[in-house]
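*Asks:* Sequence and predicted model, in that order:
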Amino acid sequence: MIDIKVDGLGGFSAITFTIEGHANYAKKGNDIVCSGVSTLVHTMVESLHEMVNVGKIIEDSNEKFVFVISYNEISKNHDNITTGTIIATIVRTTIIGLKDISRAYPEHVKFESRGIL
């Protein structure tokens with residue numbers, strides 16, 4: 001099972017995405033559930049880096065992926081509301097997609113969030 005945890009927003013100092021495990025929906029290379037989760041998360045990471053240059057990969061192994069967006073990083077590097085809107089839109093869109101996958105494949109994906117709407 002893929003275990004997805006998203007922590008942040010409600011007064012925390014960062015938004016953290018932690019993804020662990022494998023969906024085991026199908027054989028490696030044919031697992032659409034794993035591919036869906038991976039595509040959403042990696043698109044978020046690349047979009048945040050390319051569009052607003054925020055976020056840091058803390059761990060990227062075969063078993064675990066951890067990505068952090070620090071509020072200090074945002075406030076130091078960006079002054080306007082547009083940047084915050086871009087970050088919020090990318091993060092919320094990713095969360096919506098991950099929740100949708102977890103609802104469609106509950107035996108293969110568990111989604112938890114704390115401090116995220």
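*Replies:* Good, I have the coordinates. As the structure is a prediction and not an experimental result, all values here were calculated from the model.
*Asks:* Tell me the secondary structure at I4.
*Replies:* strand (DSSP: H, G, I helix; E, B strand; the rest coil).
*Asks:* and it, bridged to which residues?
*Replies:* I19, F111 (DSSP bridges).
*Asks:* Can you report how many residues neighbour it?
*Replies:* The tally of other residues near I4 (other CB atoms under 10 Å) stands at 24. From N, CA and C alone the C-beta is placed, and that goes for glycine too.
*Asks:* what's near enough to touch it?
*Replies:* Contacts for I4 (CB atoms under 8 Å, 6 or more residues apart in numbering) come out as 17-19, 37, 98, 102, 109-112.
*Asks:* just those residues now: which is nearest M51?
*Replies:* Closest approach to M51 among those (CB to CB): F17, at 16.9 Å.
*Asks:* what about the strands in this structure?
*Replies:* For the chain, applying DSSP state E gives strands covering 2-7, 14-20, 56-60, 64-70, 109-114.
*Asks:* how near is G115 to T94?
*Replies:* According to CB to CB, to the nearest Å, G115 and T94 sit 15 Å apart.
*Asks:* Would you mind telling me which of the two has more residues around it?
*Replies:* T94 (19 against 13).
*Asks:* Could you find the closest non-adjacent residue to that one?
*Replies:* If the residues on either side of it in the chain are set aside, T94 comes closest to M44, at 4.1 Å by CB to CB, 6 or more residues apart in numbering.
*Asks:* show me what contacts the nearest residue to I57 once chain neighbours are set aside?
*Replies:* Of all residues not flanking I57 in the chain, F67 sits nearest, at 5.5 Å (CB to CB, 6+ apart). Contacts for F67 were tallied using CB under 8 Å, 6+ apart; they are 16-17, 41, 44-45, 55-58.
*Asks:* These, buried ones only, as a ChimeraX selection?
*Replies:* In ChimeraX syntax, the buried subset of the contacts of F67 is picked out as below (16 or more other CB atoms under 10 Å):
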select :16,17,41,44,45,55
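*Asks:* ok, the contacts of F67 vs Y25, which is closest?
*Replies:* Ranked by distance to Y25 (CB to CB), these are led by V41 at 16.5 Å.
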